[in-house]
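Quick one: sequence and predicted model below, then my questions.
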Amino acid sequence: MKQKSLRYRLLLYFTLIAIIPAFVTTSITFFHNQKDIQNSVINDNQQMLSQVMERISHKISQVDDFSNWICQNPGIQDLLILPSENVNSYTLAKAQTIRELRLQSSYRPISEYILSLFIVGNNGADIRDGPEASMVDINILHRSVDRFSVGYWSGIMENLTPLSDNQSVLMYCHPILDPLSHTIAGHVAILFSENLFLDEFKYFTQSPGKYALLKTDHGQILSLAGPKSQEQVIDILSDLMKQEASPDYFTLNVINSVNRLTIQGLVSTEPMRQQITTTTMSMILLVCISLAITLLLAYFLSIHFNRPIVQMTANVRYISNGQFLKVSAIEDQSELGELNRHIIQMSQDIVQLMEDQKKREKEKRYLEMRILQAQINPHFLYNTLNSIKLMASMQGAYNISSMVEKLGQMLRVNQQIREEWIMLEEELALLESYIYIQNIRFKGKIRYQAQMIDHNLGKLKILKFTLQPFVENSILHGLSPKQQGGSIQILCDLTKEYLRIRVLDDGIGITQNKLHEIQTALDHSDNTEEEGGIGIQNVFRRIKLRCGLQYGISINNRPEGGVCVTVLLPVTR
């Protein structure tokens, strides 16, 4: 009965979860759909006009580059400052200048739009190029040039010759200065086809209901673009510009402050309204279909949802009772199946943790046994060392006496301090005694120095006999092969998370193969045993067991020679 009740409740919940969000989502989307589509259409068309403005600006830059070349050409400047009586005389320099001008105008990207090119001077110079240049009367040309007072572009104007198929043109005019007096010596005038800018609007105006106008900041209209004739485009733009707002069109503006140009675009709202209607109907149909499918799925889930829940409940009960082998999987690829897989993984992790704990306890007992095996009966050893010291003193062998005394101090501290953790300053004192003994053996060739950035670091605790194996290796393998000996330096500092101790020597270093062998041995230290004493591997294993896996040691060669051993320990007070 409970299972049936749960199924019906699930069916009810799933049905409500499907119906309520569906109605809420439909209502909200209905009110916001129109605004979202409008913003999308506006942004798309605004981006298209921005791209058109970039291409137009690029063409204007090409025109300016060509004009600047003409205005700064020394040959052209020389022609414009000739005396009037010599202007029409033939010279090799004049011929070369005209050839160079025609070559420049022929290979530039804007050359296909150039109808006429004129260079007219105050001295009567008249240089022409272009397919329609010869058909223009010089007096009409002068009157057109004289009308330029502001800016370099004329806007759309009637062609200067009635014999051309291009009834409307764009005129560009720029003064040419005398290089000596810096006064106006003439002008360069270029007549462009309307397509110079109109071609860039083709992609924008290929859809119906889109119009655009390009003008300068002085009001000159450089281009009128639209799917209809130019007269119809002018009428539509004029009517819409007179109204503050139109329900049939929305306006767009793109301004280029560098070239002082503005594009005004008009986009019909009819396609947008059609898109809103289509999207709304599609959304309603999709919601109805989704609602029907959701109801069927809710009925199916209400029947089959309870089965994996029962299995997962049984698995949790088995884990709580310690019966890990009875945990079983379920054939379900949904979140319930994923949850059950995590439950199974949790049981396996618990088993693995128990095994790891047993292994760590075994390892702990093994290390304690090895430490105990390394110890010697202190009473016998002290008596023997005292006898050796007395005999050495009687015979005048004071080095031997001092060596035995230092060795006795090391053993006495080792026996008196039963704790596994000792203060850093005690560890360094043991090292000093050990190096003193080794220095007698190596005839004082070992130089030793210990530095702490803060004297309070000496009160921090570290594992006993952590540093001695590294110092021993530095002496035996790094310094002993060098005839002059070397130095060992202990540097202790503190970071936010670690107590860092570095053992540095200037010995012969370690070959890469040997360094790889040492690292491999450390990585597999759980499965290897060292012969005699507490070696590097034991130190590594003790740090991992007592401090955690994030602590340990690293061994590297120093760039200047020698070895650097870095020991990372927790900050323990």
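Looks like it arrived, so ask away. Numbers count the residues shown, from 1 in each chain.

any idea which element Pro271 lies in?
Pro271 is part of helix 270-304, with elements assigned from DSSP states H and E.

Spit out the contact partners of the closest residue to Leu291 other than its chain neighbours.
Nearest residue to Leu291 in three dimensions, chain neighbours excluded: Ala22, at 5.2 Å (CB to CB, 6 or more residues apart in numbering). Bear in mind the C-beta positions are built from the backbone N, C-alpha and C, glycine included. Going by CB atoms under 8 Å, 6 or more residues apart in numbering, Ala22 touches Val287, Ser290, Leu291, Thr294.

In three-state terms, how would Ala22 be classified?
helix (DSSP: H, G, I helix; E, B strand; the rest coil).

Please tell me how far it sits from Lys496.
In this view, Ala22 and Lys496 are 53 Å apart by CB to CB, to the nearest Å.

before we move on, what about Leu295?
58 Å.

Neighbour count: the two, which is higher?
Per other CB atoms under 10 Å, whichever of Leu295 and Lys496 has more neighbours is Leu295, with 15 against 5.

Counting neighbours, which bits of stretch 106-126 end up buried?
By 16 or more other CB atoms under 10 Å, the buried positions in stretch 106-126 come out as Ile110, Tyr113, Ile114, Leu115, Ser116, Leu117, Phe118, Ile119, Val120, Gly121, Asn123, Ala125.

and if you look at stretch 39-47?
Buried residues in stretch 39-47, counted by 16+ other CB under 10 Å: Val41, Asn45.

With stretch 162-169 instead?
Quick answer for stretch 162-169 (16+ other CB under 10 Å): Ser164, Asn166, Val169.

Ok, stretch 70-77 next?
Quick answer for stretch 70-77 (16+ other CB under 10 Å): Ile70, Cys71, Asn73, Gly75, Ile76, Gln77.

what do you get for stretch 340-351?
Buried, per 16+ other CB under 10 Å, within stretch 340-351: Asn340, Ile343, Ile344, Ser347.

Show me what the mean pLDDT comes to for it.
Stretch 340-351 comes out with an average pLDDT of 78.

what about dumping the CA coordinates of that stretch to PDB?
These are the backbone C-alpha positions of stretch 340-351, laid out as PDB (Å, rounded to 0.1, in the frame of the first residue of the first chain):
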ATOM      1  CA  ASN A 340      23.900   3.900  -6.400                       C
ATOM      2  CA  ARG A 341      27.300   3.800  -8.100                       C
ATOM      3  CA  HIS A 342      28.600   6.400  -5.600                       C
ATOM      4  CA  ILE A 343      27.200   4.300  -2.800                       C
ATOM      5  CA  ILE A 344      29.100   1.200  -4.100                       C
ATOM      6  CA  GLN A 345      32.200   3.400  -4.600                       C
ATOM      7  CA  MET A 346      31.800   4.600  -1.000                       C
ATOM      8  CA  SER A 347      31.600   1.000   0.300                       C
ATOM      9  CA  GLN A 348      34.800   0.200  -1.700                       C
ATOM     10  CA  ASP A 349      36.500   3.300  -0.300                       C
ATOM     11  CA  ILE A 350      35.600   2.300   3.200                       C
ATOM     12  CA  VAL A 351      37.100  -1.200   2.600                       C
END
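
what sits up against that stretch?
Pro308, Gln311, Met312, Asn315, Val316, Tyr318, Ile319, Phe324, Val327, Ala329, Ile330, Asp332.

Pick out the most distant pair among those.
Within the contacts of stretch 340-351, two members stand farthest from each other by CB to CB: Phe324 and Asp332, at 20.9 Å.

Neighbour count: those two, which is higher?
Shown here are Phe324 and Asp332; by other CB under 10 Å, Asp332 has more neighbours (18 against 15).

Same list (the buried residues of stretch 162-169) but as JSON lines, adding pLDDT.
What follows is the buried residues of stretch 162-169, written out as JSON lines (pLDDT from 0 to 100):
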{"residue": "Ser164", "pLDDT": "85"}
{"residue": "Asn166", "pLDDT": "86"}
{"residue": "Val169", "pLDDT": "90"}
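
Go through those residues and name the one nearest Tyr152.
For the buried residues of stretch 162-169, the closest approach to Tyr152 (CB to CB) belongs to Val169, at 14.6 Å.

Does the closest one fall in a helix, a strand, or a coil region?
Going by three-state DSSP: Val169 is strand.

mind listing what it touches?
By CB under 8 Å, 6+ apart, the neighbours of Val169 are Leu115, Ile156, Met157, Glu158, Asn159, Leu160, Leu191, Phe192, Ser193, Glu194.
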